[in-house]
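Q: take this sequence and fold it.
(one chain, ligands or ions: 2)
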Amino acid sequence: MQQTDALIVIDMQNDFCPGGALAVSGGNDILPEINAMLGQFPVRVLTQDWHPADHASFAANHPGAAPFSMTEMPYGPQVLWPVHCVQGTSGAAFHADLRTDPADLIIRKGFRAAIDSYSAFFENDHKTPTGLDGYLRARGVTGVTLAGLATDYCVAYSALDAARLGYGVTVRLSACRAIDLNGSLADALAKMRAAGVTFI
Ligand code: VGL
Ligand code: ZN
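A: Ligands and ions are numbered 1, 2, ... in the order given. Presented below is the predicted three-dimensional model:
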């Protein structure tokens, strides 16, 4: 690892762990590995999915729509999710066993009601920045390692954006878990591989 590598821990929040509103199977199993990784990188970032209650990605805000069905947004197709990670709720809080003290930066995303944001870098229109790219560049970061939830959504979108932005990208698959909706995991792994992402 070079001195310029950042660890980006994606969405280790209660709602994505067993018992949560959008639980990822085995989501909490990766906490020990992530906690250990937080001591191994010179730059450490946590992301936090952070939605208002009227968020457009929630099936509950689309009368008659079932969770995990699809809709069209102005920026393209969008999965309609169960209500999750509502700002200020316990579901949006980091898992109690995540070591948050080593984090240099906590970046929140998905706070605009009209647009979802899987990636740590851009919202789902692939244009609206979160500010993370500017932060990492200002700190001289050239490579990022990603871990967290979920492999096939927020981790994959972050990895693909990071590759597009010119960072060297590594995904620590043993420290990720997937939602795997209709083949989304295989699809995400193929896209990341094609983008030059390294898996460890
Ligand atoms: C995520 C779906 C909706 C994720 C966030 O963290 O992968 N997935 N919001
Ligand atoms: Zn979300």
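Q: residue ranges with poor pLDDT in this protein?
A: Residue ranges of the chain with pLDDT under 70: 1-3.
Q: select the longest helix from it.
A: In terms of residue count, the longest helix belonging to the chain (DSSP state H) is helix 184-194.
Q: is that one up against ligand 1 anywhere?
A: No - using CB under 6 Å from any ligand atom, helix 184-194 never reaches ligand 1; the gap is at least 9.9 Å. Placement of C-beta: from N, CA and C, glycine included.
Q: buried residues of that helix, list them for me.
A: 184, 185, 188, 189, 191, 192 (16 or more other CB atoms under 10 Å).
Q: ok, now stretch 16-29?
A: For stretch 16-29, using 16+ other CB under 10 Å, the buried residues are 16, 17, 20, 21, 22, 23, 24, 27, 28.
Q: try stretch 107-124
A: Here stretch 107-124 shows 107-111, 115-124 as buried, counting by 16+ other CB under 10 Å.
Q: of the residues you listed, which ones also sit close to ligand 1?
A: residue 118.
Q: what parts of this structure come near ligand 1?
A: Residues of the chain lying near ligand 1 (CB under 6 Å from any ligand atom): 11, 16, 49, 81, 118, 149, 150, 153, 154.
Q: ok, and the most crowded of those?
A: Counting neighbours by other CB atoms under 10 Å, residue 149 leads the residues of the chain next to ligand 1 with 33 neighbours.
Q: who's in contact with that one?
A: When contacts are counted by CB atoms under 8 Å, 6 or more residues apart in numbering, residue 149 is found next to 10, 11, 12, 13, 16, 17, 24, 27, 30, 155, 176, 177.
Q: correct me, but the last one touches residue 150?
A: Yes - with the criterion set as CB atoms under 8 Å, residue 177 and residue 150 qualify as a contacting pair; they are 6.5 Å apart.
Q: need the residues touching each of the two.
A: 24, 27.
Q: partner strands of the longest strand belonging to the chain and their direction?
A: Using DSSP state E to define each element, the chain has its longest strand at strand 168-177. Applying DSSP bridges to the sheet, strand 168-177 is found paired with strand 143-149 (parallel), strand 198-199 (parallel).
Q: alright, that wraps it up for me.
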